Structure formats: C-alpha cells, structure tokens
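Student: quick check, what structure comes out for this input:
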Amino acid sequence: MRNLESLVKAMQLLKQVHPQLRVSQVEFLLTVAQNPNRSQSELAIECGYTLAAVSRLVDTMGETGRRDGKGGALGLLQAKPDPKDDRFMLVSLTPKGKNLIKLLEELTLGSKTSGD
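Tutor: A predicted model of the protein is given here:
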C-alpha cells in the first residue's frame, strides 16, 4: 500500500510542476540528472531520441520555453554553451530541477524502506 501512496504523492508533485507533464519528460529529467553537462546530441543517443526531440524537451523544460510559443518555461533544465566548443549546448538541471528529482527520490526511497 505504501508504494501506491508514494506513487500518488509523486503524481501530485509532478502536477504541481505542470499539469500536463509527461512520463517521457520525467524520464528525460532523470537522464539529465544522471548525465549532467552532456550535449544535446549525447543525450539524444542516451535516450534513443532524435536531436529535434531533445531540443524540444530542453526548450519545454528549460527556463525560456519553446521557441514556437507552444508552452514550456518549466525552469527545470538549463542549456549553456560548451566552453570547449560553443557549437554545442550542455544540458543540466536547474536548482528547481534538482529539487524535483530529490523530492521524487525521497518518495521512492520512502516506499522501499517500508515493509508493505
């Protein structure tokens, strides 16, 4: 039962971030958390996404939103030019993104420590 309670809490937390946050977006956040400061190309390979899909994810979950004006600006990711090669953008979590991952991990860990 504790696992289900943790799942509900995680879903509520994600809805607070954005009511239409998708599982694929959360998976991408986890990938960035595990692979900070990677280029969009590297993240595309890691996730099995196209570079265009990763670009849209970064825009949507970034601080400025999608270039086409169709949403975003969730403030969970940031993309900065690679100091070694400014043709590439390195993606990492913002403090808000790190906090979200931390809260989700705490919910998950809390459900594993319970014997239910």
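Student: hey, let's count contacts and neighbours off CA atoms from now on
Tutor: Fine.
Student: shaky segments in the protein?
Tutor: Counting by pLDDT under 70, the chain contains low-confidence residues at 1-2, 65-72, 110-116.
Student: rerun that using 50 as the cut-off
Tutor: In the predicted model of the chain, residues 113-116 satisfy pLDDT under 50.
Student: SS state for the residue nearest the centre of it?
Tutor: If you average the C-alpha coordinates of the chain and look for the closest C-alpha using CA atoms, centre = their mean, you land on Leu29, 2.0 Å from that point. Following DSSP: H, G, I helix; E, B strand; the rest coil, the label given to Leu29 is helix.
Student: that one and Lys84: what is the separation?
Tutor: Counting by CA to CA, to the nearest Å, the gap from Leu29 to Lys84 is 24 Å.
Student: pull the residues that contact whichever helix or strand Gln78 is part of.
Tutor: Taking DSSP states H and E as the criterion, Gln78 maps to strand 77-82. Contacts to strand 77-82, defined as CA atoms under 8 Å, 6 or more residues apart in numbering, come from residues 29, 39, 58, 61-63, 87-94, 97.
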